[in-house]
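>>> Give me the fold of what follows.
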Amino acid sequence: MRKISANYIYSAQTGFMKNAILTLNDDEKVVELKENKHPNREEAGTEFYNGIICPGFINAHCHLELSHMQNQIPEGQGLDNFIFSVVTSRKSDKVEIDRAIEKADEEMRREGVVAVGDISNKEDSFKVKSQSSIFYHSFLEIFNMVNSEADETFNNGMKLLNKAKNDYKISASLVPHAPYSVSEKLFELFRINQNSQENRLSVHSQETKFENEFIHDGKGRFHELFTKLGMEKGDSKPRKMNSLKYLSLSIPEKAPLLLVHNVYTTKQDIEEGEIDLKKTWFCLCPNSNHYISRKKPGTFLINNYPDKVCLGTDSLASNHRLSILEEMKTLQFEHGEIPLNLLLQFATLNGSKALNLENRLGSFEKGKKPGVVLIERVDLQNLMLKRDSCVRVLL
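Next comes the predicted model:
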């Protein structure tokens, strides 16, 4: 048994508990979380820490395989130019790619991350994921705007999925990249072949206003981007609707859905799209959005769907760190009205639900093995993060 206490212990089912005691067994599973009825009396064998203890963090959106592109793409140039840079300059030496992936995995472990929803376009990151103490669910992302190439693209995606599951024994599902980068025929193949509650989807959604423009009219900066990339023969006919509505009509109806970025998502989008909120989560990546386009998500989703919001870092190509704590800081300092208990809910339980891991991770409930993270240098009087707040992994 290991007993741990701190100024506060946070878990989603209890909120903040002052001077509480968390007991774990030798397998690091939760035995109990209880109030300390005698806070001024030391309980034998209890470790005490200054700060806030919480479950391990969930990074619901990352691109581990882009880690070698850290500091290579200029900031603030917009999503269209960022995509062009990734597509045209992604190649690198395999040794360099492998080393960067290993280093990024180590960074997330130090930052208290216990599970990741990770985007993969190829198998570069599979080996590290299969050996890591972090749980990874790999969203194997495919995209192609040319209808006549849909069958080949989908079949290649299925081959990658089989390799992930059978050769590397990692959790994975096949997903469409975004509404603007997947042809109508390719979406149809998803609806026919991936319509299952077991096949979790992660889709980049409404990260930029140009996405709605392209889906609605088939024009604008995304059309220019695809022309620059030689994809002018792609499926870019006007849909005469916003991208979230188009996406909701295009994807498998039974599959759980993680919508990523959501910078431009509105109440009207969600209502018109008839989004099934029972199986949908919204992932915010504020530091990546700022890196790419100097934009950050507002509080609409946070205020209206707090039980459905989770956090991600995106990749080191679009972020300086893979730290969920840094994402929480950014949201707090940008929107001071968001209480710390809600930010921690996004980072722990909500993220675990988005990845279907709530029975194992995300809260200090009996039988779970969620990891134990200490947040140090916190404003304990006001229960707020400070600029220099940092993470120490206890388990």
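>>> Doesn't residue 4 lie inside a strand?
Yes: when DSSP: H, G, I helix; E, B strand; the rest coil is applied, residue 4 is found to be in a strand.
>>> And for it, the neighbour number?
20 (other CB atoms under 10 Å). (C-beta placed from N, C-alpha, C; glycine too.)
>>> My read is that it contacts residue 49, right?
Yes: judged on CB atoms under 8 Å, residue 4 makes contact with residue 49 at a distance of 7.2 Å.
>>> Find residues that contact each of these two.
The overlap between the contact sets of residue 4 and residue 49 (CB atoms under 8 Å, 6 or more residues apart in numbering) consists of residue 394.
>>> which residues touch stretch 371-382?
Residues outside stretch 371-382 that contact it (CB under 8 Å, 6+ apart) are 4, 6-8, 22, 24, 28, 49-57, 112, 114, 325, 361, 384-386, 388-395.
>>> if you look at those residues, which of them are in helices?
residue 325 (DSSP state H).
>>> Restricted to buried residues, select the contacts of stretch 371-382 in PyMOL.
This is the PyMOL syntax for the buried subset of the contacts of stretch 371-382, where burial follows 16 or more other CB atoms under 10 Å:
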select buried, resi 4+6+7+8+22+24+49+51+52+53+54+55+56+57+112+114+325+361+384+385+389+390+391+394+395
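>>> Tell me, please, where in this structure the pLDDT is lower than the cut-off.
Along the chain, segments meeting pLDDT under 70 span 39-42, 232-233.
>>> care to break the protein down by domain?
If the domains of the chain are taken from automatic domain parsing, they occupy 2-54+381-393, 57-358, with pieces of a single domain joined by a plus sign.
>>> Deepest-packed of the ones you listed, please.
domain 57-358 (a mean of 20; mean count of other CB atoms under 10 Å).
>>> how far does that one stretch from start to finish?
Its start and end residues considered, domain 57-358 measures 12 Å (CA to CA, to the nearest Å).
>>> Mind putting the domains of the chain into TSV with distance to residue 367?
TSV is the format used below for the domains of the chain (distance: least, CB to CB, whole Å):
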stretch	distance to residue 367
domain 2-54+381-393	6
domain 57-358	12
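>>> which one of those lies closest to residue 368?
Shortest distance between residue 368 and the domains of the chain, using CB to CB, is found for domain 2-54+381-393: 5.2 Å.
>>> Now do residue 356 against residue 135, distance only.
11 Å (CB to CB, to the nearest Å).
>>> Equivalent analysis for residue 213, please.
Distance of residue 213 to residue 135, computed by CB to CB: 38 Å.
>>> Specify the local secondary structure of residue 352.
helix.
>>> Now it: closest residue in space that isn't a chain neighbour?
Taking CB to CB, 6 or more residues apart in numbering, and ignoring the residues beside it in sequence, residue 352 has residue 362 as its nearest neighbour in space, at 3.0 Å.
>>> Surely that neighbour and residue 55 touch.
Yes: at 5.9 Å, residue 362 counts as touching residue 55 under the criterion of CB under 8 Å.
>>> tell me, what's touching these two both at once?
Between them, residue 362 and residue 55 share the neighbouring residues 348-349, 368, 370, with contact defined by CB under 8 Å, 6+ apart.
>>> residue contacts, the closest residue to residue 120 other than its chain neighbours?
What sits nearest to residue 120 in space, not counting adjacent residues and going by CB to CB, 6+ apart, is residue 138, at 4.8 Å. Under the criterion of CB under 8 Å, 6+ apart, the contact list for residue 138 reads 118-120, 125-126, 129, 164, 170-173.
>>> tell me which element residue 138 falls in.
Counting by DSSP states H and E, the secondary-structure element that holds residue 138 is strand 135-142.
>>> Can you name the element that comes right after that strand?
helix 150-162.
>>> Please tell me how far that next one is from the chain's geometric centre.
Computed by CA atoms, centre = their mean, to the nearest Å, the chain-centroid distance of helix 150-162 equals 23 Å.
>>> Extract the C-alpha set from that helix and format it as CSV.
In CSV, the C-alpha atoms belonging to helix 150-162 read as follows (Å, rounded to 0.1, in the frame of the first residue of the first chain):
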residue,chain,number,x,y,z
ALA,A,150,-10.9,6.3,-53.1
ASP,A,151,-10.7,2.5,-53.2
GLU,A,152,-6.9,2.5,-53.3
THR,A,153,-6.6,5.0,-50.5
PHE,A,154,-9.1,3.2,-48.3
ASN,A,155,-7.4,-0.2,-48.9
ASN,A,156,-4.0,1.2,-48.1
GLY,A,157,-5.5,2.6,-44.8
MET,A,158,-6.9,-0.9,-44.0
LYS,A,159,-3.4,-2.4,-44.6
LEU,A,160,-1.9,0.1,-42.1
LEU,A,161,-4.7,-0.7,-39.6
ASN,A,162,-4.0,-4.4,-39.9
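>>> I'd like the next helix or strand past that helix.
If you walk from helix 150-162 toward the C-terminus, the next helix or strand you reach (DSSP H and E) is strand 171-176.
>>> I'd like to know which elements that next one is packed against.
Here strand 171-176 is seen to pack against strand 135-142, helix 150-162, helix 184-193, strand 201-205 when contacts are counted using 3 or more CB pairs under 8 Å, 6 or more residues apart in numbering; DSSP states H and E.
>>> Neighbouring strands - and their directions - for that strand?
Under the criterion DSSP bridges, strand 171-176 sits next to strand 135-142 (parallel) in its sheet.
>>> Tell me how far the strand it pairs with lies from the chain's centre.
Between the mean C-alpha location of strand 135-142 and the chain-wide mean there is a distance of 11 Å, by CA atoms, centre = their mean.
>>> Can you show me the CA trace of that strand as PDB?
Listed in PDB are the C-alpha atoms of strand 135-142, where the atom choice follows Å, rounded to 0.1, in the frame of the first residue of the first chain:
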ATOM      1  CA  PHE A 135      -1.400   4.100 -23.600                       C
ATOM      2  CA  TYR A 136      -1.800   5.200 -27.200                       C
ATOM      3  CA  HIS A 137      -4.800   4.900 -29.400                       C
ATOM      4  CA  SER A 138      -3.700   5.500 -32.900                       C
ATOM      5  CA  PHE A 139      -6.100   7.300 -35.200                       C
ATOM      6  CA  LEU A 140      -4.900   6.100 -38.600                       C
ATOM      7  CA  GLU A 141      -5.700   9.100 -40.800                       C
ATOM      8  CA  ILE A 142      -6.300   8.900 -44.500                       C
END
